[in-house]
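In: Sequence plus predicted model, see below.
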Amino acid sequence: PASTESNDNAIVYAAHYSDEACSAEGFAGVRGFLADDGGTGTLLPMLGGDVDCAQSMACLLQPDSFACEVLSPTEVAEVTIGMLEGDDGNDVYQVCTIGDNGDSEQCQGISPGSCVQSPVYPSCYIRLI
């Protein structure tokens, strides 16, 4: 994997794809996140499902840019990614988002290498490495 051995300073890469198979042809972009154990996460503008995955990369890669602003983000979410031991003893990523509209924190366990719908950009699928 592309993360470091120590979870204290581990970097987790979220590769984004336009297709549910996370194929090379559907690759849209990638961003690194510091693995987090409860501290401050990364603030990302959330977008509606009508914005395609390629366009969503403007908000993933440059959240404060005009290119992102014109996509009309619905809210800003704080995103944290950490590593936990799963029920079966294997490591799983825990991705948590909390919106600025008062929603409660939503967390999702994601197995390394699996392809799942992005909790922030609904037209994208992510693979964490």
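Out: Noted; the coordinates are in hand. Numbering: from 1, shown residues only.

In: Please make it C-alpha for all contacts and neighbour counts, starting now.
Out: OK.

In: Give me the nearest residue to Ser111, chain neighbours excluded.
Out: Leaving aside its sequence neighbours, Ser111 sits nearest to Val92 (C-alpha to C-alpha, 6 or more residues apart in numbering; 4.7 Å).

In: Oops, could you answer that again for Val120 instead?
Out: Of all residues not flanking Val120 in the chain, Met46 sits nearest, at 5.2 Å (C-alpha to C-alpha, 6+ apart).

In: What residues sit buried inside the longest strand seen in the chain?
Out: Longest strand in the chain by number of residues (criterion: DSSP state E): strand 75-85. Neighbour-count burial for strand 75-85, counted by 16 or more other C-alpha atoms under 10 Å, picks out 76-84.

In: Return the member of those residues nearest to Gln62.
Out: Proximity of the buried residues of strand 75-85 to Gln62 (C-alpha to C-alpha) peaks at Val76, which lies at 13.2 Å.

In: one step back: wait, doesn't the residue nearest to Ser111 sit right on Gly113?
Out: No: with contacts counted by C-alpha atoms under 8 Å, Val92 stays clear of Gly113, the gap being 9.9 Å.

In: ok, these two, which is more surrounded?
Out: Val92 (20 against 13; other C-alpha atoms under 10 Å).

In: for the more buried one, phi and psi?
Out: The phi and psi values for Val92, taken as degrees, to the nearest 10, are phi -130, psi 150.

In: contacting residues around it?
Out: Val92 sits next to 83-86, 109-112 when contact means C-alpha atoms under 8 Å, 6 or more residues apart in numbering.

In: In contact with the residue nearest to Val120, which residues?
Out: Counting by C-alpha under 8 Å, 6+ apart, Met46 touches 73-77, 120-121.

In: With pLDDT added, can I get those in TSV?
Out: What follows is those, written out as TSV (pLDDT from 0 to 100):
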residue	pLDDT
Pro73	90
Thr74	86
Glu75	89
Val76	91
Ala77	90
Val120	91
Tyr121	93
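
In: Any chance of TSV for those residues, columns distance to Pro63?
Out: As requested, the contacts of Met46 are arranged in TSV below (distance: C-alpha to C-alpha, whole Å):
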residue	distance to Pro63
Pro73	10
Thr74	13
Glu75	12
Val76	10
Ala77	11
Val120	12
Tyr121	13
